[in-house]
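Chemist: I'll drop the sequence and a predicted model, then ask my questions.
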Amino acid sequence: MLSPLDAVAGKISLFQARANDESFNEALYVEGELLERWLLKTVINNAVAGWMGPKKWLPVPDVVSAIFGHSPIPDGIGLYSVEGVDPLHKPAGGISAMPVFLDYERQLLGGAYISINGMPLFAAFDTELATRLEAGNMPKLKQRFSPSGLKHLYHPGAIVISRNRGQPVVLGLSWKGILRFADGTTVAFPPER
C-alpha cells in the first residue's frame, strides 16, 4: 500500500500516461498539500542518499515534521510550478531531480527542480530562491532555462499540461481544501465523503 504522498504522485503519473491518447480529455484534481509534501520528501530522500551532490544532506527536524504533516510548511517554502525550463533539460519519462544550491562550495541545498514525466516542478527550502532564480542571480543555472526567461508560481491552482497531440489537459490543485477556478468560483476539495 502506498502512502498518501506516493499515491498522489502515482495518480499524476497515471493521468499523464492516459493523456498520451489524443482523444483523452479529462482533468485531474488532487490536494496540493499532498503533492507538495511528496515533492519535498523526494528532494529530502535524494539529498539524504547523496544523489544531490558529493555530500549527504541531513534535513532539519522542522522540515521532516512538515513532510509528515505534523506541522505546517512555512509560506514561500514548498511547491512551485515552473515555466521557462529549456525543453532539452526536461526529461520525458519518470522522475528526475536537479538540485539548486544556495552555496555550491558548502553544498547548502536551497531547493530542487523535479520533473514528473516531463512536467517541471520546483521544491523550495528557501523563501527567496525562486525570485533569485528568476532574476538570473544564480549564473551556474543560466544554461538550464529558455531565453524567454523563467517563472515560478507558488501554490498554483492548476498546471496546464501541453501535449504533442490533442488539447492540453489540466491538473487542478486544491489548497487548504479549496479548488479555485479561473472564473473565480471555488469548490471544496476533496469532496466530503
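Modeler: Thanks, I have it.
Chemist: Would you mind measuring from the closest residue to Phe24 other than its chain neighbours to Trp38?
Modeler: Once flanking residues are discounted, Phe24 sits nearest to Arg18: 5.3 Å by C-beta to C-beta, 6 or more residues apart in numbering. From N, CA and C alone the C-beta is placed, and that goes for glycine too. Using C-beta to C-beta, to the nearest Å, Arg18 is found at 20 Å from Trp38.
Chemist: mind checking which helix or strand the most centrally placed residue in the chain is in?
Modeler: In the chain, the centroid-proximal residue (C-alpha atoms, centre = their mean) is Leu121; its distance is 3.1 Å. Assigned by DSSP states H and E, Leu121 belongs to strand 119-124.
Chemist: Repeat that for Gly172.
Modeler: With DSSP H and E as the test, Gly172 turns up in strand 169-174.
Chemist: Run through the strands of the chain in chain order.
Modeler: 27-31, 78-83, 95-103, 108-116, 119-124, 151-154, 158-161, 169-174, 178-180, 186-188 (DSSP state E).
Chemist: same question for the top helix by length along the chain, mean pLDDT?
Modeler: Of all segments of type helix in the chain, defined using DSSP state H, the longest is helix 32-49. Helix 32-49 shows a mean pLDDT of 93.
Chemist: quick check: angle from it to strand 108-116?
Modeler: 120 degrees (axes from the mean of the first three to the mean of the last three C-alpha atoms, to 10 degrees).
Chemist: hmm, who's touching helix 32-49?
Modeler: Helix 32-49 is contacted from outside by 4-6, 8-9, 12, 52-53, 56-59, 63-64, 66-69, 73, 78-79, 95, 97, 99, 109, 111-112, 114, 121, 123, 125, 155-156, 173-176, using C-beta atoms under 8 Å, 6 or more residues apart in numbering.
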